[in-house]
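Undergrad: Predicted structure and sequence below. I'll ask about it afterward.
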Amino acid sequence: MSKLDAAMERFSSALDQLEAGINRRGIKAQSASDAERELVALREDRSRLANELDQMKAKARQLDETTGEVSGRLDEAIAGIRAVLEP
């Protein structure tokens with residue numbers, strides 16, 4: 001094998017290694033980009049879910065208030081009925 005052939009083999013090997021490194025870096029960059037998009041989506045989901053939770057808590061408070069009012073009215077109605085039925 002001549003010096004030129006050996007140099008060409010080393011050069012070809014170096015190019016293969018460079019190409020493999022570029023491909024690995026591209027894969028890492030793509031993975032980072034995918035992870036960033038997923039992180040943005042998760043943050044949006046978290047924000048949406050927090051908003052929905054706030055709305056549900058407000059609705060639960062409103063239902064608790066309504067339940068209290070209805071319970072009070074039923075107690076009054078029961079007391080009125082008992083007063084009418086007692087001798």
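TA: Thanks, I have the structure now.
Undergrad: Quickly find the element holding A41.
TA: According to DSSP states H and E, A41 maps onto helix 3-85.
Undergrad: So for the most centrally placed residue in the chain, what pLDDT did the model give?
TA: Among the residues of the chain, the one closest to the centroid is L42, at 3.5 Å (CA atoms, centre = their mean). With respect to pLDDT, L42 scores 90.
Undergrad: follow-up on the earlier one: so how far is the helix holding A41 off the chain centroid?
TA: 0 Å (CA atoms, centre = their mean, to the nearest Å).
Undergrad: got the CA positions of stretch 60-72 in CSV?
TA: Extracted C-alpha coordinates of stretch 60-72, given in CSV (Å, rounded to 0.1, in the frame of the first residue of the first chain):
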residue,chain,number,x,y,z
ALA,A,60,-68.2,23.7,44.3
ARG,A,61,-68.4,26.8,46.5
GLN,A,62,-71.5,27.9,44.8
LEU,A,63,-73.1,24.5,45.2
ASP,A,64,-72.1,24.4,48.9
GLU,A,65,-73.9,27.8,49.4
THR,A,66,-77.0,26.6,47.5
THR,A,67,-77.0,23.4,49.5
GLY,A,68,-76.9,25.4,52.7
GLU,A,69,-79.8,27.6,51.6
VAL,A,70,-81.9,24.6,50.6
SER,A,71,-81.1,22.8,53.9
GLY,A,72,-82.3,25.9,55.8
